[in-house]
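Engineer: Curious how this folds, go ahead:
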Amino acid sequence: MQLTVTRDIEGKSGISNLPVRDILFLQSDLTSKWIAVHTLDDQFYIPGTLIYWTEALKQCGYQFEKVDRNIVVHVPRICKMDRIFVKAYFEIEITSQSKSITLSQKHFKLLDKQLRGVQGIVYI
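Structural biologist: As a prediction, the model looks like this:
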């Protein structure tokens, strides 16, 4: 499945199709009607709300979970969890360009329970 996205909120870059499997997380700035769609190397935009997209993607069989009031993560894409800084990473080897998200304490604990025992998840 793919989402139709733009590289800018004005649509000047045109429309692209983005495979859902490439999405790391969705992020709302809470002041606009646009959702930022993050991949390892890029950022795109879709109109709507986090509630709408989370539910729509879940109904299509994807595992997206709310981890903060403005972030929804694609759970299978998480590679590393940081218990001290309450963060999730999407690469094992973290660099200065690596994307990460900060989770609320409550959602970190829920996600931690969900991921416990999942092969390939590294905890730091």
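Engineer: Sketch out the low-pLDDT regions of this structure for me.
Structural biologist: Along the chain, segments meeting pLDDT under 70 span 117-120.
Engineer: For it, which segments count as strands?
Structural biologist: Under the criterion DSSP state E, the chain carries strands at the ranges 2-5, 16-19, 25-28, 34-38, 43-47, 64-68, 71-74, 80-82, 87-89, 100-102, 122-123.
Engineer: Leaving out the residues flanking it, which one is nearest to the residue positioned nearest the centre of the chain?
Structural biologist: The residue lying closest to the centre of the chain (C-alpha atoms, centre = their mean) is Phe25, at 1.0 Å. Residue nearest to Phe25 in three dimensions, not counting chain neighbours: Val73, with 4.6 Å by C-beta to C-beta, 6 or more residues apart in numbering. To be clear about C-beta, it is placed using only N, CA and C from the backbone, and glycine gets the same treatment.
Engineer: Check Gln43 too.
Structural biologist: Leaving aside its sequence neighbours, Gln43 sits nearest to Ala36 (C-beta to C-beta, 6+ apart; 5.5 Å).
Engineer: Great, nothing more from me.
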